[in-house]
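*Asks:* Predicted model, plus sequence, below.
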Amino acid sequence: MTSEHPDMRASDAERERVAEVLREAVAEGRLQMEEFEQRLDATYKARTHGELEPLVRDLPAPDGVVAPVGPGSSPARTGSTGVNWAARVGGPATSTGAFAFWGGFRRKGTWTVARKFTAFAMWGGGEIDLREARFEDREVVVRCFTIMGGMQVTVPPELDVEVRGIGIMGGFGDRASGEGIPSPGSPRVRITGFALMGGVDVERKRTKAEKERERERARQLKKGSGEE
């Protein structure tokens, strides 16, 4: 099916619908595992309907019709992406800020984000990864300031995120607000700040471990289908 708006930004829900079609296809033997992995990786990197459509153009949807991409298509099954937020909210912060001058900083893995986290980079760079992080409170503000430097903020698809940043002779890229589907109990994270002659990029992305779980799930589906 061809979208009437190939340049329209794809949502996480639409990416999940495509991923579900790919899982069904590999379970039925329509795709080899190597091709499934390539298409699944391309699915989670896709930004527009036009990038998603070729991935399922030659495949039927689970109900036997051509797989749709767009607002009118049916919801995806998202049970495999649920997050137990209750276990990740609360407790003392392990970091309240980060600073880089002619260097870099990294906040990644299991760490606890303060209610107000402030990061500054000048002639340097920083990485803030919230995909496996804990949160001191359900309302968190991450402030990013960079001067002739850069920052990368990575968030999981299930997190409730709002981005309000300003770029002055630079950019405050937002590839996260409005695209995700916050799961129940998700904390709310507001990302603010400014970039002067530099850049801040915010994007949603799954971890390598989550992608591997998707591949393992597809292998199990294919194995189960072959045993029937």
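*Replies:* All right, it came through fine.

*Asks:* For stretch 190-206, give the mean pLDDT please.
*Replies:* Mean per-residue pLDDT for stretch 190-206: 91.

*Asks:* How about that stretch, which residues are buried there?
*Replies:* Of all the residues in stretch 190-206, those buried under the rule 16 or more other Cβ atoms under 10 Å are 190-195, 198-202, 204-206. For glycine as for every other residue, the C-beta is placed from the backbone atoms N, C-alpha and C.

*Asks:* ok, the helix or strand Arg190 falls within: who's next to it in the sheet?
*Replies:* Using DSSP states H and E, Arg190 sits within strand 188-196. The pairing partners recorded for strand 188-196 under DSSP bridges are strand 139-147 (parallel), strand 160-168 (parallel).

*Asks:* quick check, nearest of the buried residues of stretch 190-206 to Arg23?
*Replies:* Checking those against Arg23 with Cβ to Cβ, the nearest one is Arg206 at 14.7 Å.

*Asks:* Please report phi then psi for the residue nearest to the closest one when sequence neighbours are not counted.
*Replies:* Closest residue in space to Arg206, ignoring its immediate chain neighbours: Tyr44 at 5.9 Å, by Cβ to Cβ, 6 or more residues apart in numbering. Main-chain dihedrals, Tyr44, degrees, to the nearest 10: phi -80, psi -10.

*Asks:* tell me the contacts of Tyr44?
*Replies:* Contacts for Tyr44 (Cβ atoms under 8 Å, 6 or more residues apart in numbering) come out as Arg15, Ala19, Lys205, Arg206, Lys211.

*Asks:* hmm, back to that, hey, least reliable of the strands paired with strand 188-196 by pLDDT?
*Replies:* Set side by side, the strands paired with strand 188-196 differ in mean pLDDT, and strand 160-168 is lowest with a mean of 91.

*Asks:* Give the buried residues for whichever helix or strand Leu40 is part of.
*Replies:* Using DSSP H and E, Leu40 maps to helix 33-45. By neighbour count on 16+ other Cβ under 10 Å, the buried set for helix 33-45 is Phe36, Glu37, Arg39, Leu40, Thr43, Tyr44.

*Asks:* And that helix, how far out from the chain middle?
*Replies:* Relative to its parent chain, helix 33-45 has a centroid offset of 15 Å by Cα atoms, centre = their mean, to the nearest Å.

*Asks:* residues contacting the closest residue to Asp137 other than its chain neighbours?
*Replies:* The shortest distance from Asp137 to any non-neighbouring residue, by Cβ to Cβ, 6+ apart, is to Arg115 (4.7 Å). Going by Cβ under 8 Å, 6+ apart, Arg115 touches Ala93, Glu136, Asp137, Glu139, Val140, Val141.

*Asks:* low-scoring stretches of the chain, by residue?
*Replies:* Judged by pLDDT under 70, the chain has its weakly predicted residues at 1-4, 61-82, 175-181, 210-211, 213-214, 221-228.

*Asks:* And the biggest strand by length in it, what's buried?
*Replies:* The strand that spans the most residues within the chain, counting by DSSP state E, is strand 112-122. Of the residues in strand 112-122, Thr112, Val113, Ala114, Lys116, Phe117, Thr118, Ala119, Phe120, Ala121, Met122 count as buried by neighbour count, 16+ other Cβ under 10 Å.

*Asks:* now do stretch 160-174
*Replies:* Residues of stretch 160-174 classed as buried: Asp160, Val161, Val163, Gly165, Gly167, Gly170, Phe172, Gly173, Asp174 (neighbour count, 16+ other Cβ under 10 Å).
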